[in-house]
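Chemist: Okay, predicted coordinates and the sequence, questions at the end:
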Amino acid sequence: MKHFELGADMRARASSARVRERGQIPSARPRCLVTDLRAERGLSRALCRHLEFEMNALEFTAEEFGRVDTIWVCGYRSSEASRLRALRHRYPHSRILVTGERRSKGWQQTALAAGADDVRQWPLSNLSLQNLLLGLGR
């Protein structure tokens, strides 16, 4: 019986997160759009669900609509500068954090020129990522 209650609670939390993600319930938490700038959103959605449990000070979404306070572009490549510029144009008042790999050369300058507010090498700890996203959202 306890297992059933836990399952129901988890389903209720997931349902509530989906409704919030669609923009139907206002949230007091800063809303963070998570994207890798690619067309497929499955990985971003899975990452958002994970981050909702790890960093509950923020509301995460992979959907590009509604209020967006801060944007995390993960796995950035220099070849995606035009997509980053388009994201900056679509969300001119949102703060943008871009993360990329250490092995890549020159991606930081490309990302800043395309409209990023901050660039960091990946990996980052959850605490560092949360602090950066909260700081950017203010």
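Modeler: Thanks, I have the structure now.
Chemist: partners of the spatially closest residue to Leu51 that is not a sequence neighbour in the sheet?
Modeler: Distances taken as Cβ to Cβ, 6 or more residues apart in numbering put Phe60 closest to Leu51, at 4.7 Å, once the chain neighbours are dropped. No exception for glycine: its C-beta is placed from N, CA and C like everyone else's. Counting by DSSP bridges, Phe60 is bridged to Cys32.
Chemist: So Phe60 is in contact with Cys32, correct?
Modeler: Yes: assessed by Cβ atoms under 8 Å, Phe60 is found in contact with Cys32 at 5.2 Å.
Chemist: Can you name the residues that contact the residue nearest to Leu51?
Modeler: By Cβ atoms under 8 Å, 6 or more residues apart in numbering, the residues touching Phe60 are 31-32, 34, 47-48, 51-52.
Chemist: Closest one to Ser78 out of these, please.
Modeler: Val34 (20.1 Å; Cβ to Cβ).
Chemist: isn't there a strand covering that closest one?
Modeler: Yes: counting by DSSP: H, G, I helix; E, B strand; the rest coil, Val34 is found in a strand.
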